[in-house]
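Colleague: Would you be able to build a 3D model of this:
(2 chains)
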2 protein chains.
Amino acid sequence: MNKINAIVVGSGNVGLKVIDVLLNTNDFNLVGAIRRSGEPIAEYPNIEVKKSVDEFSEKIDVAFLAIPTREVPKQAKEFLAKGIHTVDSYDIHSNILDVKTELAEVAKKYNAVAVVSSGWDPGTDSIVRAMLIAMAPRGMTYTNFGPGMSMGHTVAVKAIEGVQNALSMTMPTGAGVHRRLVYVELAEGASRDVVENAIKTDPYFINDETHVRFVDDVDALKDVGHGVELTRKGVSGSTGNQNFMFKMSIDNPALTAQVMVSSGRAATRLQSGAYTLIEIPMVDFLEGERDEWIKALV
Amino acid sequence: MNKINAIVVGSGNVGLKVIDVLLNTNDFNLVGAIRRSGEPIAEYPNIEVKKSVDEFSEKIDVAFLAIPTREVPKQAKEFLAKGIHTVDSYDIHSNILDVKTELAEVAKKYNAVAVVSSGWDPGTDSIVRAMLIAMAPRGMTYTNFGPGMSMGHTVAVKAIEGVQNALSMTMPTGAGVHRRLVYVELAEGASRDVVENAIKTDPYFINDETHVRFVDDVDALKDVGHGVELTRKGVSGSTGNQNFMFKMSIDNPALTAQVMVSSGRAATRLQSGAYTLIEIPMVDFLEGERDEWIKALV
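Modeller: Numbers count the residues shown, from 1 in each chain, chains lettered A, B, ... in the order given. Below is the predicted model of the structure:
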């Protein structure tokens, strides 16, 4: 069997877990990682690290972009233009369609596939939301997150001037309403008021009730566990009171990485273009033969 | 907008609900129903009823087969051979792949699409099972059904000689193990022992703990509510304790019919061939524009 040659771009929480997931599959060959520094990864000293994809001698099939969300569009296009499939976890919901459209153009031109906004939300939660509308087209869906650390929100806070270290927690208050608790270690000389205002007016936070708490040690608070409770009560035809719930309690970077790797597999099976997860048949995410999965799952 | 011309074949629990669902969509045109008797449907006296699809003057796009599961392969092939897409809810899990392969051959030849084993199990539950493997490839999934009436099992019992009326209830006992409670009104002169033995050795029941109870009035026991609790505890990469649950409590024929109609919509968007639900992108089940759903759901 020809294995899928993969590289990981970035070595943060998710990048390290993508490596772990790739090492636990049978159909991928982990060629190496790309880091700006070019330095070896402490946790995986034997993995080849380069500064650019051009330095690898193997033909790369899929690049997993475990990078800050705002860097995704530019970097994805660079890989796609080399005919390399990309998987990202771009998570600014309001821009996803635009990013997808942008990447689709490049992907089609260079005969590659971009899987956009992979992970669990956006991602598998999007699949559940779509499925529940197929099952009960009228009604209301609520996605309740947490309690758990939001990686995207945490990265956004860390990028704010005056922030030494940070952690953004998502707390569900019911019916899809959330509170954000942001724990911040201030940089020396930074102003609490300026930092607090910068956080509360950031696009990641501006629509939510946000509380900023200044602490001495953010690392002591960290736990990458997260959860979701997604509910829908809706109507099938004219029959109401159709009740649905999807609930999970998970290690967040591990799940994000696993869904990204499953998406990378799907990328090798799709026609060129860009796809969100609701545009990909479920069976294409799974290792092995389609007919075996039909026998096992349907 | 060109509406999708649809007919319903059969007018039992599910057939009536398919009519109800079609009347509650904007993109389907319900052309009529096919019944063996050719008689009008009491609940919908204004709907055109024919004995055969050839009697309709309109070009039919999709036929919804709300017929006993064992009649599906033969009837589906007849529609497909006329270039009409079919949606069935064939539910004998062990034969689904064979039926799909059989229908795929005819569908491809006549440029049609067969959606096989639509409904909620097989169907949307299959989608959830596949998604959970994409999220945590190692681990255990348990599908716990009920308490609720199983339509497939009830139809199977009713077909047994000596059974006047029947109702098969599915009772979850945990970890995917079920008990079947079969309530039977005996036909005059029939033997309890013979009927009980025929039920317990039927392929629908032979693998489950089955209790047969003889009653005077089955109809007084009927409620078409049903439910499922599908759980998985698994491993993403090397990270264990990933916990997932999908739970629903629903009107069974209404949900089956709604998923079938959503599948019929997908049929018009797919390349010719036969598909189970895990082979169809979620967005194709939804009424309206793909990009609008990406904006709303991803």
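
Colleague: Contacts only, for the residue positioned nearest the centre of chain A.
Modeller: By C-alpha atoms, centre = their mean, chain A has its centre lying nearest to residue A:89, at 3.2 Å. Applying C-beta atoms under 8 Å, 6 or more residues apart in numbering or on different chains, one finds that residue A:89 lies in contact with A:14, A:65, A:66, A:69, A:117, A:118, A:119, A:122, A:123, A:256, A:260. C-beta: built from backbone N, CA, C; applies to glycine.

Colleague: Strands along the stretch 1-150 of chain A, start to end?
Modeller: Taking DSSP state E, counting those that start in this stretch, the strands of the stretch 1-150 of chain A run over residues A:4-9, A:28-34, A:49-50, A:62-65, A:85-88, A:113-115, A:138-145, A:148-149.

Colleague: Nearest approach to chain B belongs to which of these?
Modeller: strand A:138-145 (8.2 Å; C-beta to the nearest C-beta).

Colleague: So for that closest one, mean pLDDT?
Modeller: The average pLDDT within strand A:138-145 is 97.

Colleague: How about stretch A:124-135?
Modeller: 98.

Colleague: and that stretch with chain B, contact?
Modeller: Yes: with C-beta under 8 Å from any C-beta of the partner chain as the criterion, chain B is reached by stretch A:124-135 at A:124, A:126, A:127, A:128, A:129, A:130, A:131, A:133, A:134, A:135.

Colleague: any idea which of the contacts of residue A:89 is closest to chain B?
Modeller: residue A:122 (4.7 Å).

Colleague: dump the residue contacts of the closest one.
Modeller: Per C-beta under 8 Å, 6+ apart, neighbours of residue A:122: A:89, A:90, A:91, A:93, A:96, A:276, A:277, B:298.

Colleague: Give me the buried entries from those residues.
Modeller: Among the contacts of residue A:122, those scoring as buried are A:89, A:90, A:91, A:96, A:276, A:277, B:298 (criterion: 16 or more other C-beta atoms under 10 Å in any protein chain shown).

Colleague: Quick one: which of these has the lowest pLDDT value?
Modeller: residue A:91 (91).

Colleague: Okay, residue A:275 and residue B:71: tell me how far apart.
Modeller: For residue A:275, the distance to residue B:71 (C-beta to C-beta, to the nearest Å) stands at 37 Å.

Colleague: Break chain A down into its domains, please.
Modeller: Domain segmentation of chain A under automatic domain parsing yields A:4-120+A:252-297, A:138-236.

Colleague: so which of these gets nearest residue B:268?
Modeller: domain A:4-120+A:252-297 (16.4 Å; C-beta to C-beta).

Colleague: Quick one: end-to-end distance for that closest one.
Modeller: 24 Å (C-alpha to C-alpha, to the nearest Å).

Colleague: Double-check residue A:75 against residue A:65; I have them as touching.
Modeller: Yes: assessed by C-beta atoms under 8 Å, residue A:75 is found in contact with residue A:65 at 5.9 Å.

Colleague: okay, these two: which has more neighbours?
Modeller: residue A:65 (28 against 18; other C-beta atoms under 10 Å in any protein chain shown).

Colleague: Pull up the residues of the stretch 101-250 of chain A that are close to chain B.
Modeller: A:117, A:120, A:122, A:124, A:126-131, A:133-137, A:235-239, A:241-250.

Colleague: try it again with 6 Å
Modeller: Residues of the stretch 101-250 of chain A lying near chain B by C-beta under 6 Å from any C-beta of the partner chain: A:117, A:122, A:124, A:126-127, A:129-131, A:133-135, A:236-239, A:242-250.

Colleague: Going through those, which ones are buried?
Modeller: A:117, A:122, A:124, A:126-127, A:129-131, A:133-135, A:236-237, A:239, A:242-250.

Colleague: Am I right that residue A:69 is in contact with residue A:88?
Modeller: No: taking C-beta atoms under 6 Å as the definition, residue A:69 is not a contact partner of residue A:88, at 8.0 Å.

Colleague: If you count surrounding residues, which of these two has more?
Modeller: Higher neighbour count among residue A:69 and residue A:88: residue A:88, with 28 against 20, using other C-beta under 10 Å.

Colleague: Beta-bridge partners for that one, please?
Modeller: Bridge pairing for residue A:88 (DSSP bridges) gives the partners residue A:65.

Colleague: Not counting its neighbours along the chain, what's nearest residue A:52?
Modeller: Excluding its sequence neighbours, the residue lying closest to residue A:52 (C-beta to C-beta, 6 or more residues apart in numbering or on different chains) is residue A:34, at 6.9 Å.

Colleague: ok, the one you found touching residue A:10?
Modeller: No: using C-beta under 6 Å, residue A:34 makes no contact with residue A:10, being 7.5 Å away.

Colleague: quick one: contacts for residue A:229?
Modeller: A:144, A:247 (C-beta atoms under 6 Å, 6 or more residues apart in numbering or on different chains).

Colleague: Let's see that with 7 Å instead.
Modeller: Residue A:229 makes contact with A:144, A:245, A:247 under the criterion C-beta atoms under 7 Å, 6 or more residues apart in numbering or on different chains.

Colleague: do you know how far the first one is from residue B:45?
Modeller: Just to be clear, that refers to residue A:144. Applying C-beta to C-beta to residue A:144 and residue B:45 gives a distance of 45 Å.

Colleague: Does stretch A:283-298 reach chain B?
Modeller: Yes: on the criterion C-beta under 7 Å from any C-beta of the partner chain, stretch A:283-298 is in touch with chain B at A:283, A:285, A:286, A:287, A:291, A:293, A:294, A:295, A:297, A:298.

Colleague: Perfect, I'm done here.
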